[in-house]
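In: got a predicted model here, sequence first, then my questions.
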Amino acid sequence: MSDYVPPKVWTWEQPSGGQFANINRPIAGPTHDKALPVGRHPFQLYSLATPNGQKVSIMFEELLEKGHAGAEYDAWPIRIGEGDQFGSGFVAVNPNSKIPALIDRSGPEPVRVFESGAILVYLAEKFGEFLPRSGPERAETLSWLFWQMGSAPFLGGGFGHFFAYAPEKIEYAIDRYAMEAKRQFDVLDRRLADNEYVAGPDYTIADIAIWPWYGGVALGRTYEGASEFLAVHQYAHVMRWAKQIDARPAVQRGRKVNKLTGELREQLHERHDPSDFALRTQDKLESADESEAVKDDAI
Ligand SMILES: N[C@@H](CCC(=O)N[C@@H](CS)C(=O)NCC(=O)O)C(=O)O
């Protein structure tokens, strides 16, 4: 038991400890001037291959897979461990200083979109894909999309943080969030018992949002030891769905975009063209930096 007694007023006196403490601040806004790079496509994505970042690169790759050439995009890595999210250019696109953030330059004025859920809806509406246009199917898809937005912070910021990243293992916190994470897996499992995809018979932006988080844990890719600790094999329908989505070519490409860590053949630091996925030349592999300070798998 800790003997910590909270003071009357909290002050920011020391780093909190734990992984990622260096990027946590109690204030918003830019810390430095830095313009964002701009490529040749209408869509400019500023991101990193965390679960939140993967959602958008998977969405772009799925749109391209469906033949929407207008969905070509440039994807630039935002090194959140080095504070890129606090640069003036990035804050102008997302005042919340978190990846992913998007600029659509296809119209007369650039349009900024931040928050992964908002970006998925924006792209789904623009291309008429992965989100039913009306009726109960649309309501169901949006319900699960917003379920992810409200639930995943308990899986990531709660369970993942205290299980994997906190400076000490606190039983109370791990118990509290393991309980909630398992409850959420059960919610998904019951839904997927009767439905091929989360929103029903069709693959939608709800799957695209939920899979990087819950599929990542189910497939043992996120938070080392978590899949065993949470006994994810109990959720047979989630496992079936996670593997099914993992096999999609667009998902396999999208996971690599802006990935700075892990196996070199899984990394694509910048994406500007479909051929970038094939261009894993020896030069690129040799110049890739394996010693990135921040893991980009899940924060
Ligand atoms: N609700 C946001 C969450 C985005 C988010 O938490 N991004 C993290 C990486 S996964 C980030 O940029 N963290 C940097 C920071 O907190 O400074 C979304 O869905 O887009």
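Out: Arrived safely.
In: let me see the ranges of the helices in the stretch 1-150 of the chain.
Out: 51-65, 88-93, 116-127, 135-153 (DSSP state H, counting those that start in this stretch).
In: which of these is buried the deepest?
Out: Stretch with highest mean neighbour count among the helices of the stretch 1-150 of the chain: helix 51-65 (a mean of 26; mean count of other Cβ atoms under 10 Å). (Each C-beta comes from the backbone N, C-alpha and C, glycine too.)
In: give me the distance from that one to the chain's centre.
Out: Relative to its chain's centre, helix 51-65 lies at 10 Å (Cα atoms, centre = their mean, to the nearest Å).
In: also stretch 85-104?
Out: The answer for stretch 85-104 is 15 Å, by Cα atoms, centre = their mean.
In: follow-up on the earlier one: could I get the helices of the stretch 1-150 of the chain as TSV with distance to residue 162?
Out: Below are these laid out as TSV (distance: least, Cβ to Cβ, whole Å):
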stretch	distance to residue 162
helix 51-65	17
helix 88-93	28
helix 116-127	23
helix 135-153	13
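In: among these, which is nearest residue 252?
Out: Closest approach to residue 252 among those (Cβ to Cβ): helix 51-65, 8.5 Å.
In: and the helix ranked longest in the chain, which residues are buried?
Out: For the chain, the helix with the greatest residue count under DSSP state H is helix 171-194. For helix 171-194, a neighbour-count test (16 or more other Cβ atoms under 10 Å) marks 173-174, 177-178, 181-182, 184-185, 187-189, 191-192 as buried.
In: now the residues you listed as CSV including pLDDT?
Out: Below are those laid out as CSV (pLDDT from 0 to 100):
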residue, pLDDT
173, 98
174, 98
177, 98
178, 98
181, 98
182, 98
184, 98
185, 98
187, 98
188, 98
189, 98
191, 98
192, 98
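In: dump those residues to TSV, plus distance to residue 241.
Out: Shown next, in TSV, are these (distance: Cβ to Cβ, whole Å):
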residue	distance to residue 241
173	29
174	26
177	23
178	21
181	17
182	17
184	14
185	11
187	13
188	8
189	9
191	9
192	5
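In: out of those residues, flag the one nearest to residue 151.
Out: Checking those against residue 151 by Cβ to Cβ gives residue 184 as the nearest, at 5.2 Å.
In: thinking the closest one is in contact with residue 153, fair?
Out: No: the pair residue 184 / residue 153 is not scored as a contact, 10.9 Å apart, by Cβ atoms under 8 Å.
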